[in-house]
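[1] here is my input, please return the structure:
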Amino acid sequence: MRIVVMTHNLWADNRWPEREPALRALLRTRRPDVYAVQELRPATRDVIDSELPGDHRVEDDERGWSHESSIWWDAGLFTEVEHGALDIGIGVDEVHRDRRLFWVRLADRDGATILVSTAHFCFPGTRCELEEHVNPRIAQSEAAGAALAELGAPGEPVLFMGDLNESWHVLRLLHAAGLSDSYSALGIVPPPTWPTVPTWPQPTAPWVIDFQFHRGRIRALTTEVVDFFHGDIAPSDHKPVVTTYGFDVG
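    Next up is the predicted model:
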């Protein structure tokens with residue numbers, strides 16, 4: 001079996017509902033089998049529900065599942081086994097308060113499972129980084145790697161993805177934890193994932209900060225940073241990362 005997985009920072013409710021037609025068009029065009037998001041809001045959650053009618057998502061009353069992240073999956077391919085949200089030290093202030101390591105374990109029709117997870121690491125503008133010169137993404141990367149090592153069963157396919165807000169320490173530490181990013185796995189130099197221009201209104205240097213990682217009996221077959229526009233506006237200020245995975249037998 002092969003699955004198409006998309007990760008996407010939805011930019012909260014900035015320039016919403018102006019971006020709604022673009023998000024709808026993206027989902028209709030790309031139609032991922034698994035869709036993990038960051039900076040979710042109730043309005044964008046409702047749009048995704050309406051555009052992915054054959055999908056299920058995690059149902060949970062914890063605020064983070066409606067105001068930061070959630071995960072959708074094709075109900076014809078998978079059923080939920082369990083889910084959770086782990087504190088890995090991201091909720092350092094009011095802006096980041098709902099951020100966790102969000103995860104769901106899914107089973108296919110034969111009962112084989114896959115662990116899908118997402119997180120949104122701290123933006124470089126937090127107080128501890130600006131005033132104390134401490135990079136919080138180092139500890140968050142180590143905590144994410146340790147949590148996934150504990151959550152994932154031996155050999156079980158594990159996916160981790162999201163807006164990690166940098167491309168140096170997160171790669172170094174998550175690779176050390178046994179995870180491979182889709183770009184490196186395929187020998188691809190990643191293009192920038194932020195910002196989308198001209199939807200992002202200010203001139204700024206481009207960053208590679210959105211990633212997909214995998215471990216276990218699964219391999220990346222293709223990966224792509226999607227430059228998608230509907231008219232003259234993108235669905236978000238971030239570009240989605242879309243990866244096709246194949247499952248290894250054994």
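
[2] when you work out contacts or count neighbours from here on, use the C-alpha atoms and nothing else.
    Noted.

[3] the nearest residue to Leu130 once chain neighbours are set aside and Pro136, how far apart?
    Nearest residue to Leu130 in three dimensions, chain neighbours excluded: Pro124, at 7.8 Å (CA to CA, 6 or more residues apart in numbering). With distances taken as CA to CA, to the nearest Å, Pro124 is found 8 Å from Pro136.

[4] neighbouring strands - and their directions - for whatever helix or strand His83 lives in?
    Using DSSP states H and E, His83 maps to strand 79-86. On the basis of DSSP bridges, the sheet neighbours of strand 79-86 come out as strand 101-107 (antiparallel).

[5] what's the next secondary structure element after the least confident helix or strand in the chain by mean pLDDT?
    In the chain, no helix or strand scores lower on mean pLDDT, DSSP states H and E than helix 127-130, which sits at a mean of 92. Next in sequence after helix 127-130, counting helices and strands by DSSP H and E, comes helix 136-151.

[6] angle of the next helix or strand after that following helix against strand 101-107?
    Scanning forward in sequence from helix 136-151 by DSSP H and E, the next helix or strand is strand 158-163. Relative orientation of strand 158-163 and strand 101-107, computed by axes from the mean of the first three to the mean of the last three CA atoms, to 10 degrees: 140 degrees.

[7] pLDDT below threshold where in this protein?
    Residue ranges of the chain with pLDDT under 70: 250.

[8] helices of that one, start to end?
    Under the criterion DSSP state H, the chain contains helices at 20-30, 42-51, 64-67, 127-130, 136-151, 169-176, 182-185.

[9] so which of these is nearest Gly89?
    If you check each of those against Gly89 by CA to CA, helix 136-151 wins as the nearest, at 6.1 Å.

[10] show me what the closest one is in contact with.
    In this structure, residues lying in contact with helix 136-151 by CA atoms under 8 Å, 6 or more residues apart in numbering are 88-90, 101, 121-122, 128-129, 158, 164, 169-170, 173-174, 177, 179.

[11] same thing but 6 Å
    Residues outside helix 136-151 that contact it (CA atoms under 6 Å, 6 or more residues apart in numbering): 88, 170, 174, 177.

[12] do the same with stretch 3-12
    By CA under 6 Å, 6+ apart, stretch 3-12 touches 32-41, 162, 236, 238, 240-245.

[13] sorry, back to before: of Pro124 and Pro136, which one has the most company?
    Set Pro124 next to Pro136 and count neighbours by other CA atoms under 10 Å: Pro136 wins out with 18 against 15.

[14] any idea how far that one lies from Gly54?
    As for Pro136, its distance to Gly54 is 38 Å (criterion: CA to CA).

[15] any idea how far Asp248 is from the spatially most central residue of the chain?
    For the chain, the residue nearest the mean C-alpha position is Gly162 (2.9 Å; CA atoms, centre = their mean). Going from Gly162 to Asp248 by CA to CA gives 24 Å.

[16] closest to Gln202 out of the helices of the chain?
    Nearest to Gln202, of the helices of the chain and by CA to CA, is helix 20-30 at 19.9 Å.

[17] hey, C-alpha coordinates of the closest one in PDB?
    Provided in PDB are the C-alpha atoms of helix 20-30 (Å, rounded to 0.1, in the frame of the first residue of the first chain):
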ATOM      1  CA  GLU A  20     -10.900  30.000   2.300                       C
ATOM      2  CA  PRO A  21     -11.400  29.400  -1.400                       C
ATOM      3  CA  ALA A  22      -7.600  28.600  -1.800                       C
ATOM      4  CA  LEU A  23      -7.600  26.100   1.000                       C
ATOM      5  CA  ARG A  24     -10.700  24.400  -0.400                       C
ATOM      6  CA  ALA A  25      -9.100  24.200  -3.900                       C
ATOM      7  CA  LEU A  26      -5.900  22.800  -2.400                       C
ATOM      8  CA  LEU A  27      -7.800  19.900  -0.700                       C
ATOM      9  CA  ARG A  28      -9.900  19.200  -3.700                       C
ATOM     10  CA  THR A  29      -6.800  19.100  -5.900                       C
ATOM     11  CA  ARG A  30      -4.400  17.200  -3.700                       C
END
